[in-house]
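J.: structure for this input, please:
(chains A and B)
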Amino acid sequence: GAVVSQHPSRVICKSGTSVKIECRSLDFQATTMFWYRQFPKQSLMLMATSNEGSKATYEQGVEKDKFLINHASLTLSTLTVTSAHPEDSSFYICSAARGAATDTQYFGPGTRLTVL
Amino acid sequence: KQEVTQIPAALSVPEGENLVLNCSFTDSAIYNLQWFRQDPGKGLTSLLLIQSSQREQTSGRLNASLDKSSGRSTLYIAASQPGDSATYLCAVKGDRGSTLGRLYFGRGTQLTVWP
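T.: I've put the predicted structure just below:
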């Protein structure tokens, strides 16, 4: 149990377009979902935390208007990169937790975004 | 602010060697510590999770220890195999205030085991 999927696994887009990444908890309900980005040979950096039915909490330095997060249900959260630019190219990973903040996070397989 | 450091950044060894990967963190107020494995272009696989009250956890050829007061953890891999080649990430979870539930990751140790 505790499987998290992401779609798509890879996406290539032109500069200026918007890209949506989905994160789904397949066999459990996730009250909290987290979005991370990872640059090559760097650690995972938390971008935002989302709770079902409420607005996401963004980390300092992350533009909320650029990285739109919607946690519409207990099994789905989406990250939309708006007006993407080459510097947004990165590996985006989501994780999901059942309930309390200290619950175990289960990680998705990641999405490789390349902006040309 | 919690900072997690992993040493070495990279390690290349022949098959069969026993290995020690190191992780240190600056704030000892942690809920737990977790070791992950990440294969190139893939997500994270959890290897071992140590609660703040525990000293070590074992799974097969892997053993992780935690010294919370000194801010250190080690991951011991016995009898390494080429299939162990991956990046190993250490992460600590905060246990209070604004850090509650947050995971702080190190940059990882990139391990290569050659036959």
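J.: near chain B, which residues of chain A?
T.: A:6, A:32, A:34, A:41-46, A:49, A:91, A:93, A:95, A:97, A:100-105, A:107-110, A:112 (C-beta under 8 Å from any C-beta of the partner chain). Yep, even glycine has a C-beta here, placed from its N, CA and C like the rest.
J.: list only buried entries from those residues.
T.: Taking 16 or more other C-beta atoms under 10 Å in any protein chain shown as the criterion, what is buried in the residues of chain A next to chain B is A:6, A:32, A:34, A:43-46, A:49, A:91, A:93, A:95, A:97, A:101, A:105, A:107-110.
J.: so what's the residue in chain B that chain A sits nearest to up against?
T.: The minimum distance from chain B to chain A, using C-beta to the nearest C-beta, falls at B:G101 (2.8 Å). By C-beta atoms under 8 Å, 6 or more residues apart in numbering or on different chains, the contact list for B:G101 reads A:32, A:97, A:100-103, B:31, B:93-94.
J.: now B:R102
T.: A:46, A:49, A:101, B:93-94.
J.: how does it look with 7 Å?
T.: For B:R102, the contact set (C-beta atoms under 7 Å, 6 or more residues apart in numbering or on different chains) comprises A:46, B:93-94.
J.: what of B:T26?
T.: So B:T26 contacts B:2-3, B:71 (C-beta under 7 Å, 6+ apart).
J.: how about the residues of chain B near chain A?
T.: Counting by C-beta under 7 Å from any C-beta of the partner chain, the residues of chain B close to chain A are B:31, B:41-44, B:93, B:100-103, B:105-108.
J.: can you redo these as TSV with pLDDT and secondary structure?
T.: Formatted as TSV, the residues of chain B next to chain A follow (pLDDT from 0 to 100; DSSP: H, G, I helix; E, B strand; the rest coil):
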residue	pLDDT	secondary structure
B:Y31	94	strand
B:G41	87	coil
B:K42	90	coil
B:G43	91	coil
B:L44	93	strand
B:K93	95	strand
B:L100	83	strand
B:G101	85	coil
B:R102	89	coil
B:L103	94	strand
B:F105	96	strand
B:G106	96	coil
B:R107	95	coil
B:G108	95	coil
